[in-house]
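Undergrad: coordinates for the following, if possible.
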Amino acid sequence: MQNYIGKMLNKRYNMLEIIGTGGMAVVYKAYDMAENKYVAVKILKEEFLTDDELRQRFRMESEAVTMLSHKNIVAVTDVGIHPNIEYFVMDLIDGVTLKQYMKESGQLPIDTALYFTKQILSALEHAHSRNIIHRDVKPHNIMILRDGTVKVMDFGIARFASRQNTLTQNTFGSVHYISPEQARGETTDGRADVYSVGVMLYEMLTGTVPFDGNTAVSVAIQHINSTPQPPGQIRGDIPASLEKLILKAMSGNKNKRYASAGKMLEDIQRFEADPDCVIDYDRHEREKEIEATRKMARIPSAAPVSKPAAGPAARGAARNKPGARPARGARPRNYEEEYDDYPRKRSALLPIFAGLIASAVFICGVMLILSRLTDLFGNVSTPDLVEVPALVSMDYDVARETYKDRFEIRKGNLVPSDESPEGTIMEQDPRANTKVSPNSVITVTVSSGPKTDNMIKLTDLEYRQAEILLSRYNNTLRIESIGEYNDDVAEGYVIYTDPPEGTPLYNNDKVIIYYSIGKERKMTKVPSVVGELLAVAERRLEEAELGIDDVIPEDSDLEIGTVTYQNIDPGEEVEEGTKLILHVSNGKLINTGPDPYDPNTGQGGQGGQGGTGDPDSQKSKTVTVIMPASPDEFRLRIMQNGIVVYDETHTNKDDDFEFVLYGNKLASILKLIDDYTVSENIIDFDSTGNQEI
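TA: Numbers count the residues shown, from 1 in each chain. Reported below is the predicted structural model:
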């Protein structure tokens, strides 16, 4: 067995430790790098990888299980299908198995046992409604969470686990819960799961399984031929109605059992509402079935057998007679011996079969002699027989035309085939070289050509879900998924497929699913903008696909609007779209005159951007903003030397806005709607007169 601990599975699952091992698979605890959570990964054992049929059934079942969605079923989130590994990924459950819970708790209170059972039945009813039968329901596959929630596990393995018909020590844990039809190797349905639930409820209430033994074979035979001890005889507080409910679920005849998990759930709910309710089941039904089976199995002897005396001594002798049937309800002393009785009984029939064969040989000999005599004396005339030609691989129309005078060639089934061209004969009945009468009918199976489907729509699906859907649609397809950067499609979702939707598909065609891995991370180098005016710095950053996050005024002796600091060093590689924080000089340290920002000497928040020493030398401009007729609301922003000196919201109902700007540089007045500039006006201090905008 390959150990995956420490390895990365599918570039996604970091395998951490083994948390469980079963007959078919090994379960690992892993960390899902894509979802940032712990998961359980169940990997099919290597020895089963060479069995193509088993692998195909594993794939089909595990894919089907991903479609189950129920609060009491452990969710399967991913399926891995690769040449050297088969696995599926489940939610990691923090809890204990029902088997561990019972071992620690002993007999469970009735309400607790029913609380667990109702959740199990609800999960099975959901699965059965989707034609998924568990077939391995047992306490080992039931998880109990800390809050009492039940989770049913191991759908998927169960369906093909039944393929191992031999009862060995490896099946010992499961054989205590299998239905009689499973023990006999018969076809099973949802009622087999109901039987197993009945056994588990029996065990939860009594603390013991109904049938036990030293080997798996002995336990299996008891499921077929024995009657369980009524649970009320083991635990006195079990009501008669609940006992009938359990025994009905465990009926040896599946037709007398609950027809579905939902029907059993209904009776449990009736019992909870009224413990004295009537459960429609004869508690002795199983004993009657076994007795009837034994009577049918007896082979009458050739000579009449005298009846034993009716006295007590005779009856006692009969009970002590070797091979006598045990008393009703008692268990045989050695079930393996009883199992071995079957081959011995079958061997007793061999003389009968030998006699039948001898009779058949004799009859055939007589017929052969009569045939010879007929040929000699010419009493019977038979038509000459003709030989059937070999039609396989011939074109159907050509074959009909070629042999139309000797045979009637009739088309039977049309079967799709990748190997045989359309119209080619694939099978014939009677076979070639068989002797038949002239003009006999030859029925042929004809190829309809390669199986074709049309490519289905997969866009808008998560790509792993798309893989499962496509493989269920046509399980011969070779499916590959490729990730691509995409700005419009959410990460993990299908962008497009090759071939596209609607294209004809043939068996074994290759389909590529292209899915989004998110926006492409493009990198760029940060330019140096320290010492540049803010407008220049902004333009250089835009050229590098960068932006400005915030501008912070800073006391400096540099010219007003000059960048004094950038928070990301020049030359550093960052993702495109990154925004920088810039510090910009407000010129205060070069101003020896009054501060224009001081309300006593300047224009406060609306004033010029630093003086040159003499406020009289500063130029000024009176600006009047005319309120527009539309839009109803806009934002007015005034920038001087790259610094925002005014930023307020106005409506078209406001009065016209007038203010005075001081300075000797250009100023910008912008009108914005939702941060988009709809108009921009430049104020030139060298021009004369006031200005309206």
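Undergrad: and residue 217, what's its pLDDT?
TA: Here, the pLDDT recorded for residue 217 equals 84.
Undergrad: give me the neighbour count for it.
TA: Neighbour count for residue 217, taken as other C-beta atoms under 10 Å: 19. Just so you know, the C-beta spots here come from the backbone N, C-alpha and C atoms, and that holds for glycine as well.
Undergrad: now residue 649
TA: Residue 649, neighbours per other C-beta under 10 Å, totals 10.
Undergrad: helix, strand or coil for it?
TA: At residue 649 the chain is in strand, as set by DSSP: H, G, I helix; E, B strand; the rest coil.
Undergrad: host element of the residue lying closest to it once chain neighbours are set aside?
TA: The shortest distance from residue 649 to any non-neighbouring residue, by C-beta to C-beta, 6 or more residues apart in numbering, is to residue 635 (5.3 Å). With elements taken from DSSP states H and E, the one containing residue 635 is strand 633-640.
Undergrad: so for that strand, what's the average pLDDT?
TA: The average pLDDT within strand 633-640 is 76.
Undergrad: cool, stretch 562-569 as well?
TA: Computed over stretch 562-569, the average pLDDT equals 92.
Undergrad: ok, residues contacting it?
TA: The contact list for stretch 562-569, computed with C-beta atoms under 8 Å, 6 or more residues apart in numbering, reads 526, 528-534, 537, 554, 556, 558, 574, 578, 580-585.
Undergrad: now these: which count as buried?
TA: Among the contacts of stretch 562-569, the ones that count as buried by 16 or more other C-beta atoms under 10 Å are 526, 529, 532-534, 537, 554, 556, 558, 574, 578, 580, 582-585.
Undergrad: in helices only, show me those.
TA: Assigned to helices by DSSP state H, the following of those qualify: 534, 537.
Undergrad: in strands, which of the buried ones among the contacts of stretch 562-569 fall?
TA: 554, 574, 580, 582, 583, 584, 585 (DSSP state E).
Undergrad: nearest to residue 248 among these?
TA: Comparing those against residue 248 with C-beta to C-beta picks out residue 574 as the nearest, at 71.2 Å.
Undergrad: if I pick that closest one, what's in contact with it?
TA: 523, 524, 526, 546, 568.
Undergrad: compare those and tell me which is most surrounded.
TA: Going by other C-beta under 10 Å, residue 546 tops these with 23 neighbours.
Undergrad: residue 76: neighbour count?
TA: Neighbour count for residue 76, taken as other C-beta under 10 Å: 22.
Undergrad: was I right about it contacting residue 87?
TA: No: assessed by C-beta atoms under 8 Å, residue 76 is found out of contact with residue 87, at 10.5 Å.
Undergrad: circling back to that earlier point, quick check, nearest of the buried ones among the contacts of stretch 562-569 to residue 259?
TA: Using C-beta to C-beta, those come closest to residue 259 at residue 578, 65.6 Å.
Undergrad: now the residue lying closest to the closest one once chain neighbours are set aside: how far from residue 634?
TA: Among residues not flanking residue 578 along the chain, residue 546 sits closest, at 5.6 Å (C-beta to C-beta, 6+ apart). Residue 546 sits 28 Å away from residue 634 when distances are taken as C-beta to C-beta, to the nearest Å.
Undergrad: and residue 626, what's its pLDDT?
TA: pLDDT for residue 626: 78.
Undergrad: what about the nearest residue to it once chain neighbours are set aside, how many neighbours?
TA: The shortest distance from residue 626 to any non-neighbouring residue, by C-beta to C-beta, 6+ apart, is to residue 656 (5.4 Å). Neighbour count of residue 656, defined by other C-beta under 10 Å: 9.
Undergrad: now residue 135
TA: Around residue 135 there are 23 other residues, counting by other C-beta under 10 Å.
Undergrad: where does it land in three-state SS?
TA: Residue 135 - assigned by three-state DSSP - is coil.
Undergrad: could you number the chain from 451 rather than 1 from now on?
TA: With 451 as the first residue, the last one maps to residue 585.
Undergrad: hang on, isn't it packed against residue 640?
TA: No: contact criterion C-beta under 8 Å: residue 585 and residue 640 do not qualify, at 9.7 Å.
Undergrad: residue 666 reaches residue 625, doesn't it?
TA: Yes: using C-beta under 8 Å, residue 666 is in contact with residue 625, at 4.5 Å.
Undergrad: which of the two has more residues huddled nearby?
TA: Neighbours were counted for residue 666 and for residue 625 using other C-beta under 10 Å; residue 625 has more, 25 against 21.
Undergrad: SS state for the closest residue to residue 840 other than its chain neighbours?
TA: Once flanking residues are discounted, residue 840 sits nearest to residue 882: 3.8 Å by C-beta to C-beta, 6+ apart. Following three-state DSSP, residue 882 is assigned to coil.
Undergrad: how close does residue 882 sit to residue 871?
TA: Distance of residue 882 to residue 871, computed by C-beta to C-beta: 20 Å.
Undergrad: list the contacts of residue 551.
TA: So residue 551 contacts 589, 594 (C-beta under 8 Å, 6+ apart).
Undergrad: confirm it sits in a helix?
TA: Yes: counting by three-state DSSP, residue 551 is part of a helix.
Undergrad: and it, how far from residue 558?
TA: Plainly put, residue 551 is 8 Å away from residue 558 if you go by C-beta to C-beta.
Undergrad: same check on residue 853?
TA: Counting by C-beta to C-beta, the gap from residue 853 to residue 558 is 75 Å.
Undergrad: these two - which one has more neighbours?
TA: Each of residue 853 and residue 558 has its neighbours counted (other C-beta under 10 Å); residue 558 has more, 20 against 16.
Undergrad: who touches the more buried one in this structure?
TA: Neighbour list for residue 558: 552, 566, 654, 655 [criterion: C-beta under 8 Å, 6+ apart].
Undergrad: repeat that for 6 Å
TA: residue 654 (C-beta atoms under 6 Å, 6 or more residues apart in numbering).
Undergrad: SS state for it?
TA: Quick answer, by three-state DSSP: residue 558 is coil.
Undergrad: for residue 845, what are phi and psi?
TA: Note on residue 845: backbone dihedrals following degrees, to the nearest 10 are phi -70, psi 140.
Undergrad: which one is it nearest to, not counting chain neighbours?
TA: residue 873 (5.4 Å).
Undergrad: for that neighbour, give its distance to residue 850.
TA: Computed as C-beta to C-beta, the residue 873 to residue 850 distance reads 11 Å.
Undergrad: cool, and residue 470?
TA: Distance, residue 470 to residue 850, using C-beta to C-beta: 62 Å.
Undergrad: next: residue 1102.
TA: The value you get for residue 1102 to residue 850, if C-beta to C-beta is used, is 89 Å.
Undergrad: so for those two, which sits in the more crowded spot?
TA: residue 850 (18 against 12).
Undergrad: a helix runs through the more buried one, doesn't it?
TA: Yes: applying three-state DSSP, one finds residue 850 inside a helix.
Undergrad: pretty sure it is touching residue 860, no?
TA: No: Residue 850 is beyond contact range of residue 860, at 9.0 Å (criterion: C-beta atoms under 6 Å).
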